[in-house]
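Asks: Need coordinates for the following:
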Amino acid sequence: MVLVRAARYGTGPDLLAIAHRGGAGLAPENTLAAFERSYALGLRYLETDVRVTADGVCLAFHDATLGRVTDGRGQVRRRSWDEVGALTVGGTAHRVARLDEVLTTWPDACFVIDVKDEAAIGPLTEVLRRTRAVDRVCVAGAWDGWLARLRDELGPQLSWALGWRSLTSWLMRSHARIGPPRALPPGAFVHVPMRWGRLPVFIDRLVEGAHDLGLRLIVWTVDDPDSMHRLISAGVDGIITDRPDVLREVLIAEGRWPRTVYADCDDR
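Replies: Numbers count the residues shown, from 1 in each chain. Prediction:
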């Protein structure tokens, strides 16, 4: 198979099937093995997180600390890349991945990057420029000001999801059935959880409102097929899942698997 660079993030008519933390239900989260397994299934949208080491290296890593995922301890930002790179993940032989390695290993994939730390903004900007990946990335999960800084630095080719403040305001107003907040920019993505704390999020009610504002609604983190079928019927624009294998089968059953794009991955 000959690899080509991905089109701009979110272009095309297909529902976005996005592998959460690379595909955390298939291999240790955010490892190269997780990304590889999701990619082999045919997914070309992959979600990850960014943390930065003491010496400015961007990692595909979720937590502020090392202990839950690796055999190391302490804060990521207080460790050098040499220290973090020597650790193993999930009691396996897998290593922590550098973000630049992830982006360059799969040049025809698009990525959601969840910005976990303000200190990562500068290093992330440099990585996206150096790897020429700006147009195939959507930044998400952070405060609105952080995302605005990234857009200012990297330009309109960078896709983005509403930051936490805008998302919270939009959800509250939508559930109260009052108008949208002022100056809500069209063209962004809205990443909505299945639950907000203990409360379920009524996704069906949000889809039309998002589309009326020119927003595209992505739901996370959805792992069971019944919920996937229901969300597809509701008209969501994408699903983020730890189980890309399950989502693939659901999309095939729904007739929504993009065969023309991923024909090389079908019927495996």
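Asks: doesn't Ala17 fall inside a strand?
Replies: Yes. Under DSSP: H, G, I helix; E, B strand; the rest coil, Ala17 falls within a strand.
Asks: That one reaches Leu43, doesn't it?
Replies: Yes. The pair formed by Ala17 and Leu43 meets the contact definition of C-beta atoms under 8 Å, at 5.4 Å. Bear in mind the C-beta positions are built from the backbone N, C-alpha and C, glycine included.
Asks: Need the residues touching each of these two.
Replies: Common contacts of Ala17 and Leu43 (C-beta atoms under 8 Å, 6 or more residues apart in numbering): Pro244, Arg248.
Asks: how about the helices of the stretch 151-268 of the chain, start to end?
Replies: 164-175, 203-212, 225-234, 244-253, 259-262 (DSSP state H, counting those that start in this stretch).
Asks: Report the separation between Leu15 and Ala234.
Replies: Per C-beta to C-beta, to the nearest Å, Leu15 is found 11 Å from Ala234.
Asks: Look at those two and report which has more neighbours.
Replies: The neighbour count for Leu15 versus Ala234, taken as other C-beta atoms under 10 Å, is higher for Leu15 (21 against 16).
Asks: Run through this protein and note the low-pLDDT ranges.
Replies: Low-confidence segments of the chain, defined by pLDDT under 70: 1-6, 175-186, 259-268.
Asks: All the strands of it, in order from the start?
Replies: 16-19, 45-52, 58-60, 97-98, 110-115, 137-140, 159-160, 189-193, 195-196, 199-200, 216-220, 238-241 (DSSP state E).
Asks: counting contacts, what elements does the last one pack onto?
Replies: Here strand 238-241 touches strand 16-19, strand 216-220, helix 225-234, going by 3 or more C-beta pairs under 8 Å, 6 or more residues apart in numbering; DSSP states H and E.
Asks: now the strands of the chain as JSON lines including distance to Leu167 and mean neighbour count?
Replies: JSON lines is the format used below for those (distance: least, C-beta to C-beta, whole Å; neighbours: other C-beta atoms under 10 Å):
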{"stretch": "strand 16-19", "distance to Leu167": "17", "mean neighbour count": "26"}
{"stretch": "strand 45-52", "distance to Leu167": "16", "mean neighbour count": "26"}
{"stretch": "strand 58-60", "distance to Leu167": "23", "mean neighbour count": "27"}
{"stretch": "strand 97-98", "distance to Leu167": "27", "mean neighbour count": "21"}
{"stretch": "strand 110-115", "distance to Leu167": "13", "mean neighbour count": "25"}
{"stretch": "strand 137-140", "distance to Leu167": "10", "mean neighbour count": "26"}
{"stretch": "strand 159-160", "distance to Leu167": "12", "mean neighbour count": "24"}
{"stretch": "strand 189-193", "distance to Leu167": "7", "mean neighbour count": "22"}
{"stretch": "strand 195-196", "distance to Leu167": "10", "mean neighbour count": "11"}
{"stretch": "strand 199-200", "distance to Leu167": "15", "mean neighbour count": "10"}
{"stretch": "strand 216-220", "distance to Leu167": "11", "mean neighbour count": "23"}
{"stretch": "strand 238-241", "distance to Leu167": "14", "mean neighbour count": "25"}
